[in-house]
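**Q** sharing a model that was predicted from the sequence below.
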Amino acid sequence: MGTPTIAGVVRATCAAIWLRLKASVLPHPTSQQWLDIAQGFLERAQFPNCIGALDGQHIRVKKPPNSGSQFYNYKQFFSVVLLALADTNYRFIILDIGSYGSSSNARIFRASRMGRWLQSNQLDVPQPANLPGSTGPPVPYVVVGDEGFALSSHLMRPFPRRGLDAKRRTFNYRLSRARRFGRFSCCQYS
């Protein structure tokens with residue numbers, strides 16, 4: 001068999017496996033599962049109302065034929081991007097795989113189903129709730145990301161680093177701690 005034939009068989013087999021197993025391997029979380037994930041972030045990172053840490057990872061690939069610089073990333077190699085939302089046990093909750101290496105995490109997130117579902121409230125995220133020990137207004141459940149992501153009602157990012165007062169430095173520290181608990185690495189999944 002020739003290389004194109006084998007490549008086609010591998011792609012078709014992987015697609016069939018994914019279609020058959022995706023509902024059991026990576027199901028959409030229910031409202032209760034989001035609450036359980038939030039409890040994990042509260043207990044482990046002391047970051048309330050957090051339902052996941054969002055980050056991207058470049059996966060090195062050979063330059064696809066006729067692709068120009070689409071897959072060439074800022075790290076000076078060709079890649080596709082794995083963008084994932086993870087919980088405090090480093091488990092994937094939602095994935096987006098295969099975007100061009102030249103795209104930023106924020107751009108990939110905006111264009112992904114995950115980003116669209118989160119922004120349009122299609123993920124069964126629980127209703128806003130009071131922060132622990134607070135009598136203030138309810139606060140939405142959020143995903144935490146790095147400085148590259150845009151702030152939104154369901155995505156928190158750190159304050160810019162210049163001229164921070166003590167409260168903002170503390171917030172950035174806690175958000176960073178929540179991101180570390182949810183951060184994944186290709187080394188962990190090899």
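**A** Here it is on my side, so go on.
**Q** list the buried residues for the longest strand belonging to the chain?
**A** What stands out as the longest strand in the chain, according to DSSP state E, is strand 50-60. Under the neighbour-count criterion of 16 or more other Cβ atoms under 10 Å, strand 50-60 has 50-58 buried. The C-beta positions use only the backbone N, C-alpha and C, and glycine is treated the same way.
**Q** now render those residues as TSV, adding distance to residue 171 and pLDDT.
**A** Output for the buried residues of strand 50-60, formatted as TSV (distance: Cβ to Cβ, whole Å; pLDDT from 0 to 100):
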residue	distance to residue 171	pLDDT
50	13	95
51	18	94
52	18	93
53	16	94
54	17	92
55	19	90
56	23	88
57	25	87
58	28	89
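**Q** ok now stretch 45-64, how far from the chain's centre?
**A** Put simply, stretch 45-64 sits 4 Å off its chain's centre (Cα atoms, centre = their mean, to the nearest Å).
**Q** in the lengthiest helix in the chain, what's buried?
**A** Determined from DSSP state H, the single longest helix within the chain is helix 3-25. Within helix 3-25, no residue is scored as buried using 16+ other Cβ under 10 Å.
**Q** other residues contacting that helix?
**A** For helix 3-25, contacts defined as Cβ atoms under 8 Å, 6 or more residues apart in numbering pick out residue 1.
**Q** starting at the chain centroid, how far to it?
**A** Centroid separation for helix 3-25 versus its chain: 23 Å, with Cα atoms, centre = their mean.
**Q** so where is this structure shaky, pLDDT-wise?
**A** For the chain, the stretches with pLDDT under 70 are 182-190.
**Q** where along it do the strands fall?
**A** 50-60, 79-86, 92-100, 142-144, 155-156.
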